[in-house]
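Engineer: sequence and predicted structure, then a few things I'm wondering about:
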Number of protein chains: 2
Amino acid sequence: METGSWYGKIERLKKEILKEVYPSKEEREKVELECNRLIQRAKEILGEESLSEVEPKVLGSVARNTYLRGEVDIDLFLLFPLEVPIDELRSRGFRVGEQILSSMGYSTERRYASHPYAHGSKEGIEVDVVPAYKVEHSNEIKTPVDRSVLHHEFLKERIKGLEEEIVLFKAFMKGCGLYGAEAKIGGFSGYLCELLVLRYGDFLSTVEAISKWREGQVVSFPEQRVTTSFSSPLIFPDPTDERRNVAAAVSREKFHEAIFATKLFLDRPSKLFFFPPRRKFSTKELLDNLSKRNLVGILFETSLYIPDLLWPQLRKTLESLSNVLREEGFNVIRSGVWSNERGLALILFELDDFYQKSVVGDEGPPSRVPIDNIVGYITKNLECGPWVEGDRLMGLNIIRRPKSAKFLLNEVISEGRFSGGKHLKKDLIENFDILVSSELINVQDVSLLEWLSDFLRGKPPWLEAWKWSERS
Amino acid sequence: METGSWYGKIERLKKEILKEVYPSKEEREKVELECNRLIQRAKEILGEESLSEVEPKVLGSVARNTYLRGEVDIDLFLLFPLEVPIDELRSRGFRVGEQILSSMGYSTERRYASHPYAHGSKEGIEVDVVPAYKVEHSNEIKTPVDRSVLHHEFLKERIKGLEEEIVLFKAFMKGCGLYGAEAKIGGFSGYLCELLVLRYGDFLSTVEAISKWREGQVVSFPEQRVTTSFSSPLIFPDPTDERRNVAAAVSREKFHEAIFATKLFLDRPSKLFFFPPRRKFSTKELLDNLSKRNLVGILFETSLYIPDLLWPQLRKTLESLSNVLREEGFNVIRSGVWSNERGLALILFELDDFYQKSVVGDEGPPSRVPIDNIVGYITKNLECGPWVEGDRLMGLNIIRRPKSAKFLLNEVISEGRFSGGKHLKKDLIENFDILVSSELINVQDVSLLEWLSDFLRGKPPWLEAWKWSERS
């Protein structure tokens, strides 16, 4: 291959990136040693606890050598026979996990997935000890984590030789802000990334394939039958259980961001997509920006700490309040939610005007709906209309005394006229503060101000990467 | 059938309406007599002009007894043999037509379809003398009007016995403001109405069928092959030429209005759908309404008189200016065009605010577009963004010195920064007046003020009909 070619450039780039993201030999040896020690320790403790029938096994990216350098998350599974009752698995599993970790010098904490498990950390190594059932087929599954066994069985031999390509792809997705299936991100899980590279063959082919995706995209292995219909933007039926969509967590935004990001990467292949430039946070720039924009932020405290519960409820609340604002004649240009995941949260709206319009369009039902809805709408008290626009009825209301967004949100939240998660809604109603534009700078939380600064710039990392690549 | 039933009610209603809309025996006899006289006279004149090979023939709704009472539009076709050159048909056809009409005491004028034809009127009877080719199959057609021969041949036997149902349906569509394929209306042509009743069987079945239509609806006879793909909201391939969509003129709004109107009629069958109540025009109410609303009207004179050219150009100009307003941060709630078809025209916008917003959302390309468009957008100078929203890029602009809609439109029109028909655009740029809300009442044209008053109420006739039926 010609070294000056585009492919030559990609090959050089891959090597360069791999040096930084693929685990070094030393790291892999160290991790392997630790895994063996953990297994050894687990066996001893399981024996002492009369649980010798439980098999300790390392699964996940560490077992497959597909983890990113410096991000060692050992998943030590305690695989229980199917006969063990779930209550016993829950109670004993957690306790054994804690014992293993603390006896090996890890600082431990209790975490929750579908059931509690022990998490430990020591010298840059993170370990999850997860109790699960030892299943051989998806119809035996009793708890969601049981799937990890099947996923590992499916991947371990098939991805041999593809480890570097997978790590490259994960690093790319991470740099682009697309990696992670947790609710906060709504992106691509590690397992999905591994499947994609396996399906498309290597890093570059995967990136090229993504750049051509369309909403409702179905990806599968040639031998897979795709029978079930899913409604997600991306559909990849789990090869170990075709009723499950591996890509169910990928949000519509992340799906399209992946298409944009891959297109831009192919346009200007560069290291910056893997290690996006972080613009420095500047209070002056932030204040300057705030003064030009119409921002309304709702700051509140919440006792909801578990991220996978917190983020969906924050988004639901955002959407509900956003609808209220729109119905009341505000134009919400964009919005966002922030939380430190330790009790403080912000719901933010960017408006084109702080004040309600006096004349407000009112969207009615489309022509396909049953007569009752149509009659319901035409008997509604409207200042003008309804008339037909496109496929639906439209009307117009006149608001006699336009309110400010701050006043309206105060009213709506105090009276609980919005929907959100039960917990979050209660917390929000009880204690909130509405901050308008430059008032936001007074919040005593640097991470919020950084997030706000990014929000005001509004550019995803892959876009910054493309822009900066020009100059390199 | 039980007289108290819903069907009984419809049957009584049909009889009642027919008495008012179906031509009386006397009218039909009078029209028939006039048709015979016209044919006779045509033959004489064609003979004198050495055009005996040209066959005069009455086609259209008069020939099929499917016209509305009092709306006698005789279509006298002069059917030329296919060998006659088009220039000869044009020049001699028009002259002969004029001769026939004036010799029979009609006042005549020159009108244009694909070629000029003579129009005459006398004592409530209107006559078009249209030169056309005598074709037997759609592949022989040389001018669009030639189709009338084929349409008549297709319908004349098939609709025997359905005349009353057709007239009822036409009267319904007319009352609902849906009748007429001309550019001003963008509705259902007479031929389309006849085909629909023929297809569905009778008036009520047609109305019921329409109420269940969905956008992209295909209607055809069971024996028709629907091979060509059209992109209109309603598709009815011409049974005499399947490459042509008889419903091509039906606009998206009229299509959905038809669905709404039929649903409401079936909900409350009433005479009012055929003869919609006209609310009286009140200057006081108009002024009152104008003062509450944010209206900007562009009044101008145009030399474009031909309605089928005028209305599309007016709408095109409206759409272009509407886009300019939206891009510049105005929220156009609704808009409309008016003309007296004798030189005066108005383009009207209803806004939620007379002033530009300082912060304006800017819609970018969706993820499916080629890389060049994406790069084009991300290199655009935006105050913030682009970020990804749904499937597309979005950005935000800040306008330093917000303008009023009047100021902006003045600028845009004077500088010609909009698209519209060539003629209309020139007329508009040369001489226009921008009137804001209550200034509009000063226009010295009652028909404009009536239109404005209807615009401000914003209710189609079938909706008023439903509302009033409640009270009857």
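Structural biologist: On my side now, so go ahead.

Engineer: show me where the stretch 251-400 of chain A has helices.
Structural biologist: Residue ranges of the helices in the stretch 251-400 of chain A, as given by DSSP state H, counting those that start in this stretch, are A:252-267, A:283-292, A:307-327, A:371-378.

Engineer: so which elements touch the shortest one?
Structural biologist: This means helix A:371-378. The contact analysis (3 or more Cβ pairs under 8 Å, 6 or more residues apart in numbering or on different chains; DSSP states H and E) places helix A:371-378 against strand A:359-366, strand A:392-398, helix B:252-267, helix B:461-471. From N, CA and C alone the C-beta is placed, and that goes for glycine too.

Engineer: for the longest one, C-alpha coordinates in CSV please.
Structural biologist: Right, helix B:252-267. Extracted C-alpha coordinates of helix B:252-267, given in CSV (Å, rounded to 0.1, in the frame of the first residue of the first chain):
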residue,chain,number,x,y,z
ARG,B,252,-52.5,19.1,0.6
GLU,B,253,-54.8,21.5,2.5
LYS,B,254,-57.8,20.7,0.3
PHE,B,255,-57.2,17.0,0.7
HIS,B,256,-57.2,17.1,4.4
GLU,B,257,-60.1,19.6,4.5
ALA,B,258,-62.1,17.1,2.5
ILE,B,259,-61.4,14.5,5.2
PHE,B,260,-62.4,16.9,8.0
ALA,B,261,-65.5,18.1,6.1
THR,B,262,-66.8,14.6,5.4
LYS,B,263,-66.2,13.5,8.9
LEU,B,264,-68.1,16.5,10.3
PHE,B,265,-70.9,16.0,7.8
LEU,B,266,-71.4,12.4,8.8
ASP,B,267,-71.4,13.6,12.4
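
Engineer: does the closest residue to A:Pro116 other than its chain neighbours lie in a helix or a strand, and which?
Structural biologist: By the measure of Cβ to Cβ, 6 or more residues apart in numbering or on different chains, the closest residue to A:Pro116 outside its immediate chain neighbours is A:Phe94, 4.8 Å from it. Counting by DSSP states H and E, the element that carries A:Phe94 is helix A:86-103.

Engineer: highest mean neighbour count out of the helices of the stretch 251-400 of chain A?
Structural biologist: Each of those was given a mean neighbour count from mean count of other Cβ atoms under 10 Å in any protein chain shown, and the largest, a mean of 23, is that of helix A:252-267.

Engineer: circling back to that earlier point, show me what the helix holding A:Phe94 is packed against.
Structural biologist: With contacts taken as 3+ Cβ pairs under 8 Å, 6+ apart, helix A:86-103 sits against helix A:25-48, strand A:72-80, strand A:107-112, strand A:116-122, strand A:125-133.

Engineer: give me the angle between that helix and strand A:116-122.
Structural biologist: Using axes from the mean of the first three to the mean of the last three Cα atoms, to 10 degrees, the interaxial angle of helix A:86-103 with respect to strand A:116-122 works out to 10 degrees.

Engineer: for helix A:86-103, list the C-alpha coordinates in PDB.
Structural biologist: In PDB, the C-alpha atoms belonging to helix A:86-103 read as follows (Å, rounded to 0.1, in the frame of the first residue of the first chain):
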ATOM      1  CA  ILE A  86     -32.600 -15.800  43.900                       C
ATOM      2  CA  ASP A  87     -32.800 -14.600  47.500                       C
ATOM      3  CA  GLU A  88     -29.800 -16.700  48.500                       C
ATOM      4  CA  LEU A  89     -27.900 -15.600  45.500                       C
ATOM      5  CA  ARG A  90     -28.600 -11.900  46.400                       C
ATOM      6  CA  SER A  91     -27.700 -12.100  50.000                       C
ATOM      7  CA  ARG A  92     -24.700 -14.500  49.900                       C
ATOM      8  CA  GLY A  93     -23.400 -13.200  46.600                       C
ATOM      9  CA  PHE A  94     -22.900  -9.700  47.800                       C
ATOM     10  CA  ARG A  95     -21.400 -10.800  51.100                       C
ATOM     11  CA  VAL A  96     -18.900 -13.100  49.500                       C
ATOM     12  CA  GLY A  97     -17.900 -10.400  47.000                       C
ATOM     13  CA  GLU A  98     -17.200  -8.000  49.800                       C
ATOM     14  CA  GLN A  99     -15.100 -10.500  51.600                       C
ATOM     15  CA  ILE A 100     -13.000 -11.300  48.600                       C
ATOM     16  CA  LEU A 101     -12.300  -7.600  47.900                       C
ATOM     17  CA  SER A 102     -11.600  -6.400  51.400                       C
ATOM     18  CA  SER A 103      -9.400  -9.400  52.200                       C
END
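
Engineer: can you redo the helices and strands packed on helix A:371-378 as CSV with mean pLDDT and distance to B:His119?
Structural biologist: Below are the helices and strands packed on helix A:371-378 laid out as CSV (pLDDT from 0 to 100; distance: least, Cβ to Cβ, whole Å):
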stretch, mean pLDDT, distance to B:His119
strand A:359-366, 92, 41
strand A:392-398, 94, 39
helix B:252-267, 97, 26
helix B:461-471, 88, 28
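
Engineer: wait, which of those is closest to A:Leu448?
Structural biologist: Put simply, out of these the one that sits nearest A:Leu448 is strand A:359-366, at 32.3 Å, with distance taken as Cβ to Cβ.

Engineer: in JSON lines, list the helices and strands packed on helix A:371-378 along with distance to B:Arg214.
Structural biologist: Below are the helices and strands packed on helix A:371-378 laid out as JSON lines (distance: least, Cβ to Cβ, whole Å):
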{"stretch": "strand A:359-366", "distance to B:Arg214": "10"}
{"stretch": "strand A:392-398", "distance to B:Arg214": "13"}
{"stretch": "helix B:252-267", "distance to B:Arg214": "8"}
{"stretch": "helix B:461-471", "distance to B:Arg214": "19"}
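
Engineer: to B:Ile74, which of the helices and strands packed on helix A:86-103 lies closest?
Structural biologist: When those are compared (using Cβ to Cβ), the closest one is strand A:107-112, at 84.2 Å.

Engineer: helices or strands next to that closest one in the packing?
Structural biologist: Where contact means 3+ Cβ pairs under 8 Å, 6+ apart, strand A:107-112 is packed against helix A:86-103, strand A:116-122.

Engineer: with mean neighbour count, distance to B:Ser61 and mean pLDDT as added columns, please give these in JSON lines.
Structural biologist: Below are the helices and strands packed on strand A:107-112 laid out as JSON lines (neighbours: other Cβ atoms under 10 Å in any protein chain shown; distance: least, Cβ to Cβ, whole Å; pLDDT from 0 to 100):
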{"stretch": "helix A:86-103", "mean neighbour count": "18", "distance to B:Ser61": "78", "mean pLDDT": "93"}
{"stretch": "strand A:116-122", "mean neighbour count": "20", "distance to B:Ser61": "80", "mean pLDDT": "93"}
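
Engineer: let's have these in a markdown table, adding distance to B:Lys459.
Structural biologist: As requested, those are exported to a markdown table (distance: least, Cβ to Cβ, whole Å):
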| stretch | distance to B:Lys459 |
| --- | --- |
| helix A:86-103 | 63 |
| strand A:116-122 | 62 |
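
Engineer: indicate which one of these is closest to A:Gly175.
Structural biologist: Closest of these to A:Gly175 is strand A:116-122, at 24.1 Å (criterion: Cβ to Cβ).

Engineer: ok, residues contacting the closest one?
Structural biologist: Strand A:116-122 is contacted from outside by A:90, A:93-94, A:97-98, A:100-102, A:104-111, A:126-131, using Cβ atoms under 8 Å, 6 or more residues apart in numbering or on different chains.
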